[in-house]
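Participant: Sequence first, predicted coordinates after that:
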Amino acid sequence: MAQPKDFGFGSEEQMLRDQARKFLKDNAPIEKLRALVAKDHKLAYESPVQPLAWDERVWKQMVELGWTALAVPESAGGAGMKMIAVAALAEEIGRAALPSPLIATLIATCVLRAAGTAAATACLERIAGGDAASFAGPGSEGSWLPDATSITAAASGDGAVLSGTAPFVQEARKAAFFLVAARGAKGVGLYAVAADAPGVKIHPDRVVDLTRDQAHVELDDVRVDGAGVVAVAGAGEKAVAAALPAILTIVAADLCGAAEWQLQTTAEYARVRTQFDRLIGFFQAVKHPIVNVMIDVDRARSLAYAAACAIDTEPADALRLARMAKAAASDAAAFASSRSIQLHGGIGFTWECDVHIYVKRQKHNQFYFGDGPYQRAKIAPLIDHSA
Amino acid sequence: MTEHDEFREYCRRWLAENRPAPPSFRLPLSPIEVMTEEQRRYLCAWEKKCYDAGLIGCDYPKEYGGGGHSGFQQIASQEMGRAQVPYMINVIGLSMAAPTILNHGTEEQKRRFIAPLLSADEIWCQGFSEPNAGSDLANAQASAVRDGDNWVINGHKVWTSLAHFASWMIMVTRTSNDHKYNGLTYFIVPIANTKGVTVRPLIKITGETGFNEVLFEDVVVPDSYRVDDIGKGWTVAMTTLLYERGAAEGAGSGGGISLDERVAQLIDLAKRCRRDGKPAWDDPIIRDRVAGLAIRVEGMRQVHRRSRVEALTDHPMRLPLQAKVTVSELMQDIAAAALEIEGPASSLYVGDPGAPDNGQWPLAYLNSYGFTIAAGSNEIQRNILGERVLGLAKSK
């Protein structure tokens, strides 16, 4: 009842969204994306180390536009914009399938905001200034719960010594620092670790998705002093739990933006491709699945906006809506991906067709922070009001 | 407190104080299965009471019997849904005939027909489908032939919900064989006690009736009952269908069981039904199924909310045109999930003393096909979405 009917999407948010859409259309069009990430299949998949395919100049412009500062509170030098604005921006990033550390940085920002310590504020100031960050810890043992981490923290003075390997660290080679969740005797804490700190080893994964880099990050007795303790042991879990709705919403919005591209691109193909002397969109075996993709995408987009708005105005209901948004977006992305290849026919199966770039990004985000079945298992108790 | 907040509070208070006593007889799942005179009387009295209290026709002009407000109907309908009071029986009148007459009718028609429609003093039915004009509605053959100031109607309409109680029908007729679409003309046709009109019940797969076939034999209708111009019937019918498919707000609705409540019922059912020796709710597959349905219910609500935020909507009809498909398939899938949860107990129908929830779920499942087929089958809806919203080539 407390939520505004328009999701809080006012003129300021619309201006940001429209600016992002135009900037990405001008500076990160599909031709450029193709040249950047899919120029050479051997380079992409057979190099000993996958090349870092991104445009740092575009990233610097994004920083200048204030996109890293967007979710940073004003007290830490940011714009302090609402989550509905962050979701709208993430959606545009997904629509462009942009290779950049922005999504990872936004996620780290949300966790830092929830931590609320002086060390967190210092990290947020760095982010507002343009440092990319990535959250390391989640995904261990197939868990995305707030206490998931395989890193251990041994108390040392007012700091800690971190050991272990964090899997599935997003944009690891683009990040200036990692926000590491680590388990100590008193529980999970959060620690800021510079990417080039002594004892940090970044092992790049060979990933399917061409629009990102991912690594497992090994921490070999990495010393963090008191200034790097974002959340003390035992306080980290609460901060991540508080940020979880925002994390899910941001990934869902990225999925939705890319799914909208898949919908429009597949519909466009069905509008121009002729077989049996007819445009293939005439055939209901083609038309109806495209419509089904649209229905699924619209459900996911609407839920993502609702989740973002709940984070801004009705936090008690945010987790339920964010899990619903991530579930719906993951499923919509999987379906849109499958139909985008199939309905493009033979050309859709080739490297030269842009469809695979989006399919791979979608499959990645489908599972990042939990897919549809994962979310639904967590939703069941949230909708059982008698429990 | 805004005028709208005050009205919402008034609706809540009024509904709490005036909720009707449950009837001694069973009410069907929806208004289009109302069969008996005692059901009709109970529901008409309730709708009239709601109308008199200002919860129906709130946004319709005062001179036609409405409340003359703006933005009140949505609130009243929401609150009636939330209060889970009985549904409005005159559903065809409220959601189709009233907006069609308001958009296309003459001043005389608006003054004559709308007020008794809102109060349920006169029940309405819809004469669109024919034995050979279902999904291909424009193939309607029931003829209207000019005879001075009158028209003479002959033909056969089918799947006509509520015709057995109806005073009036909104009807698509053929006035010319020269053009398929431009040969149609739209009429208001008297049904009850009308010479040449025969209403015969059709039996649904549920075993219930509630819909009919209506035969017209030299039925005389004055030209003043014609809605809009001769040959404009298709355009007028599209207005009716826009409202029927839930893409636009009619003169009132509300009451009945909300989809949220249906999901809550599913969870409750899953806790009571045993599956493999344990409560079905403990089965992760069942939980996944129910959570998936809950997501679709929430999704539908949020799609509706977004459809009113222009900046977040890419094409004006993209979201409204999805409403009929999503709600009808959701209702069907909820009922199908209930049968899975019940397992072999879903074999027990209404009237069996051992049937879970009095056998409402197998009934709801069978009944759900009415909604995926009516108002243009969902296959036709997907054609419309693909063609009008995505610009795909027409499948005809």
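Facilitator: Received the coordinates, thanks.
Participant: What distance do you get for B:Ser77 to B:Lys62?
Facilitator: Going from B:Ser77 to B:Lys62 by CB to CB, to the nearest Å gives 19 Å. For the C-beta atoms, the positions are set from N, CA and C on the backbone; glycine is no exception.
Participant: Between these two, which has more neighbouring residues?
Facilitator: Remark: of B:Ser77 and B:Lys62, B:Ser77 carries more neighbours, 22 against 10, as counted by other CB atoms under 10 Å in any protein chain shown.
Participant: Excluding chain neighbours, what is closest to the residue most central in space within chain B?
Facilitator: Most central in chain B under CA atoms, centre = their mean is B:Val91, positioned 5.5 Å from the mean C-alpha point. Excluding the flanking residues, the one nearest B:Val91 by CB to CB, 6 or more residues apart in numbering or on different chains is B:Pro31, at 4.5 Å.
Participant: Show the pLDDT at the residue nearest to the centre of chain B.
Facilitator: With respect to pLDDT, B:Val91 scores 93.
Participant: That one reaches B:Leu43, doesn't it?
Facilitator: No - using CB atoms under 8 Å, B:Val91 is not in contact with B:Leu43; the gap is 10.2 Å.
Participant: quick one: common contacting residues for the two?
Facilitator: Common neighbours of B:Val91 and B:Leu43 (criterion: CB atoms under 8 Å, 6 or more residues apart in numbering or on different chains): B:Pro31.
Participant: what secondary structure does the closest residue to chain A within the stretch 101-250 of chain B sit in?
Facilitator: Here the stretch 101-250 of chain B gets closest to chain A at one residue, B:Ser135, 11.9 Å apart by CB to the nearest CB. Under DSSP: H, G, I helix; E, B strand; the rest coil, B:Ser135 falls in the coil class.
Participant: Could you check which residue of chain B lies nearest chain A?
Facilitator: For chain B, CB to the nearest CB, closest residue to chain A: B:Leu392, 3.2 Å.
Participant: The helix or strand harbouring A:Arg183 - what's its average pLDDT?
Facilitator: Using DSSP states H and E, A:Arg183 falls within strand A:177-184. Regarding strand A:177-184, the rounded mean pLDDT is 97.
Participant: On the C-terminal side of that strand, identify the next helix or strand.
Facilitator: Next along the chain from strand A:177-184, counting by DSSP H and E, comes strand A:187-194.
Participant: residues of the helix or strand following that next one that come out buried?
Facilitator: For strand A:187-194, the following helix or strand on the C-terminal side (DSSP H and E) is strand A:200-204. Within strand A:200-204, the residues scored as buried using 16 or more other CB atoms under 10 Å in any protein chain shown are A:Val200, A:Ile202, A:Pro204.
Participant: Could I get the residues you listed in TSV, plus columns for pLDDT and distance to chain B?
Facilitator: Below are the buried residues of strand A:200-204 laid out as TSV (pLDDT from 0 to 100; distance: CB to the nearest CB, whole Å):
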residue	pLDDT	distance to chain B
A:Val200	98	39
A:Ile202	98	37
A:Pro204	98	35
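Participant: which residue ranges form the helices in the chain?
Facilitator: Since you didn't name a chain, this refers to chain A. Counting by DSSP state H, chain A has helices at residues A:11-27, A:30-37, A:41-46, A:56-64, A:83-95, A:102-115, A:118-128, A:236-272, A:284-313, A:318-344, A:355-367, A:372-383.
Participant: wrong one, chain B
Facilitator: Counting by DSSP H, the helices of chain B are B:3-18, B:37-52, B:72-83, B:91-92, B:98-104, B:107-118, B:233-244, B:259-272, B:284-306, B:323-342, B:360-373, B:378-384.
Participant: How about residues contacting the shortest one?
Facilitator: Looking back up the chat, that one is helix B:91-92. For helix B:91-92, the external contacting residues (CB under 8 Å, 6+ apart) are B:Ser30, B:Pro31, B:Ile32, B:Ile123, B:Trp124, B:Cys125, B:Gln126, B:Ser161, B:Leu162, B:Ala166, B:Ile170, B:Ser253.
Participant: Ok, the last one next?
Facilitator: For helix B:378-384, the surrounding residues in contact (CB under 8 Å, 6+ apart) are A:284, A:287-288, A:291-292, B:135, B:245, B:321, B:324-325, B:328-329, B:372, B:376, B:394-396.
Participant: do the same with the third one
Facilitator: By CB under 8 Å, 6+ apart, the list of residues contacting helix B:72-83 from outside reads B:4, B:7-8, B:11-12, B:15-16, B:19, B:50, B:54-59, B:249, B:251-256, B:258.
Participant: So which bits of that helix are buried?
Facilitator: B:Phe72, B:Gln73, B:Gln74, B:Ile75, B:Ala76, B:Ser77, B:Glu79, B:Met80, B:Gly81, B:Ala83.
Participant: Then stretch B:21-41?
Facilitator: Across stretch B:21-41, burial judged by 16+ other CB under 10 Å covers B:Leu27, B:Pro28, B:Leu29, B:Ser30, B:Pro31, B:Ile32, B:Glu33, B:Val34, B:Gln39, B:Arg40.
Participant: Nearest the middle, which residue of chain A would you pick?
Facilitator: Short answer for chain A (CA atoms, centre = their mean): A:Val251, at 3.9 Å.
Participant: That one reaches A:Asn365, doesn't it?
Facilitator: Yes - under the criterion of CB under 8 Å, A:Val251 makes contact with A:Asn365 at 5.6 Å.
Participant: who's in contact with the residue of the stretch 151-300 of chain A at minimum distance from chain B?
Facilitator: Proximity of the stretch 151-300 of chain A to chain B (CB to the nearest CB) peaks at A:Gly281, 3.2 Å away. A:Gly281 is in contact with A:Ala267, A:Ala270, A:Arg271, A:Lys287, A:Ile290, B:Gly386, B:Leu390, B:Gly391, B:Leu392, B:Ala393, counting by CB under 8 Å, 6+ apart.
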